[in-house]
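> sequence and predicted model, in that order:
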Amino acid sequence: MVDPSDGRRALAQRFGAEPGAEAVAPKVVIEASGHAVAEAIDAVDVAGTVVLVGSVFPAPPIAVDAEDIVRRLVTITGVHNYAGSDLSAAVAFLAGRGRAYPFGDVVGAVHPLMDADEALAAAAAPGAPLRIGLAPR
């Protein structure tokens, strides 16, 4: 796991991630910020896969070296939408094996839905937690 934030790296280790080493090319790279796509493609090992989950906003295009992708047998895929069955599986995981992980520490303050503007501001603030909660009631 590679991240510029000491806090996010520490949290990822609590979920079982191991610190990444620049010299070791991973078989799977999950790019979750939307800001390091080219770096993710460059970092993945031969026959590896790059999964883009953070590219959900307009950003400048990146240059892709098609020859490099083909020669290294790199697969690039994106994940954005999910089905109801995915949500059911996630809830089942959280209610079962997922209890072993500190998911509660990922969410900062939980705001009432009526305070959504305040919650959005908190989520955009420097040093914000990974997620801010909104309670429907």
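Yep, that arrived. Quick caveat: nothing in here was measured; it's all calculated off a predicted structure.

> and the nearest residue to Asp105 once chain neighbours are set aside, how many neighbours does it have?
Spatial nearest neighbour of Asp105, chain neighbours left out: Leu11 (6.6 Å); criterion: C-beta to C-beta, 6 or more residues apart in numbering. C-beta coordinates here come from the backbone N, C-alpha and C atoms, glycine included. Around Leu11 there are 18 other residues, counting by other C-beta atoms under 10 Å.

> Leu11 and Pro126, how far apart?
For Leu11, the distance to Pro126 equals 17 Å [C-beta to C-beta, to the nearest Å].

> for this structure, name the helix or strand with the lowest mean pLDDT.
The weakest-scoring helix or strand in the chain, judged by mean pLDDT, DSSP states H and E, is helix 6-14 (a mean of 90).

> can I see the domain layout of this structure?
Following automatic domain parsing, one finds the domains of the chain at 6-78, 84-135.

> follow-up on the earlier one: surely the residue nearest to Asp105 touches Leu130?
Yes - counting by C-beta atoms under 8 Å, Leu130 is a contact partner of Leu11 at 7.4 Å.

> which residues are in contact with each of those two?
Residues touching both Leu11 and Leu130 by C-beta atoms under 8 Å, 6 or more residues apart in numbering: Val106.

> where does the protein dip in pLDDT?
21-23 (pLDDT under 70).

> could you measure from the spatially most central residue of it over to Ser55?
The chain has Ala32 as the residue nearest its centroid, 3.4 Å off, counting by C-alpha atoms, centre = their mean. Distance of Ala32 to Ser55, given as C-beta to C-beta: 9 Å.

> ok, Val2 next?
Between Val2 and Ser55 the distance is 17 Å, computed by C-beta to C-beta.

> now Leu87
22 Å.

> more neighbours, the two?
Using other C-beta under 10 Å as the criterion, Leu87 and Ser55 rank with Ser55 on top: 17 against 10.

> residues touching the more buried one, list them.
Going by C-beta under 8 Å, 6+ apart, Ser55 touches 31, 34, 37, 78.

> how about a cut-off of 6 Å?
By C-beta atoms under 6 Å, 6 or more residues apart in numbering, the contact set of Ser55 is Gly34.
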